[in-house]
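No letters, just coordinates:
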Ligand code: 5GP
């Protein structure tokens with residue numbers, strides 16, 4: 001299940017600058033960077049800077065400013081990468097059934113070609 005926040009998870013290390021990332025965008029509350037194993041021509045991960053494991057954790061505990069800042073970062077990245085017209089997919093994996101690998105809440109922004117059905 002989903003436990004307490006682990007400050008040694010890989011995204012926490014990226015936020016602290018302990019391991020590098022290919023940064024796409026950053027604001028006061030969120031960081032966006034390229035996924036190391038892209039599943040589409042555009043595959044960006046957007047993470048809040050605070051210590052949240054899941055979406056429920058983030059939505060319940062983050063401040064209004066953090067939620068706004070994170071949400072605007074997602075929109076900013078989609079817009080600046082030119083994805084609003086062709087479209088894109090936002091995915092958030094939470095917990096074991098989703099296969100969430102990194103226990104720091106994040107969304108995947110996928111695009112750059114037709115993505116096909118999410119579930120077929
Ligand atoms: P999850 O399954 O937790 O939603 O997705 C985790 C994502 O993080 C995967 O798509 C994986 O490729 C990506 N990832 C894992 N480790 C690293 C890393 O060190 N750097 C970057 N940029 N992405 C990573």
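Yep, it's here. A quick note: this is a predicted structure, and the numbers were derived from the prediction, not measured. Numbering: from 1, shown residues only.

Need the three-state assignment for residue 72.
Here residue 72 takes the helix state, with states given by DSSP: H, G, I helix; E, B strand; the rest coil.

In contact with it: list those residues for me.
Contact analysis of residue 72 by C-beta atoms under 8 Å, 6 or more residues apart in numbering lists residue 27. All C-beta atoms are positioned from the backbone trio N, CA, C, and that covers glycine.

Check what pLDDT it gets.
If you check residue 72, the pLDDT there is 98.

biggest strand in this structure, by residue count?
The residue-count maximum for a strand in the chain (DSSP state E) belongs to strand 42-48.

Just the buried positions in the next helix or strand after that one, please.
Counting by DSSP states H and E, the element after strand 42-48 in chain order, helix or strand, is helix 55-61. Across helix 55-61, burial judged by 16 or more other C-beta atoms under 10 Å covers 57-58.

Quick one: mean pLDDT for helix 55-61?
Across helix 55-61, pLDDT averages out at 97.

Need the contact partners of it.
Residues contacting helix 55-61 (C-beta under 8 Å, 6+ apart): 2, 5, 48, 50, 52, 66-67, 70, 92, 94, 105.

Recalculate using a threshold of 10 Å.
Where contact means C-beta atoms under 10 Å, 6 or more residues apart in numbering, the residues beyond helix 55-61 that reach it are 2, 4-5, 47-48, 50-52, 54, 66-67, 70, 92-95, 104-107.

Just give me how far the longest strand of the chain sits from the chain centre.
Distance, stretch centre to chain centre, for strand 42-48: 4 Å (C-alpha atoms, centre = their mean, to the nearest Å).

Can you pull out the low-pLDDT segments for the protein?
Applying pLDDT under 70 to the chain picks out residues 1, 120.

which parts of this protein sit against the ligand?
10, 21, 33-37, 45, 93, 99-102 (C-beta under 6 Å from any ligand atom).
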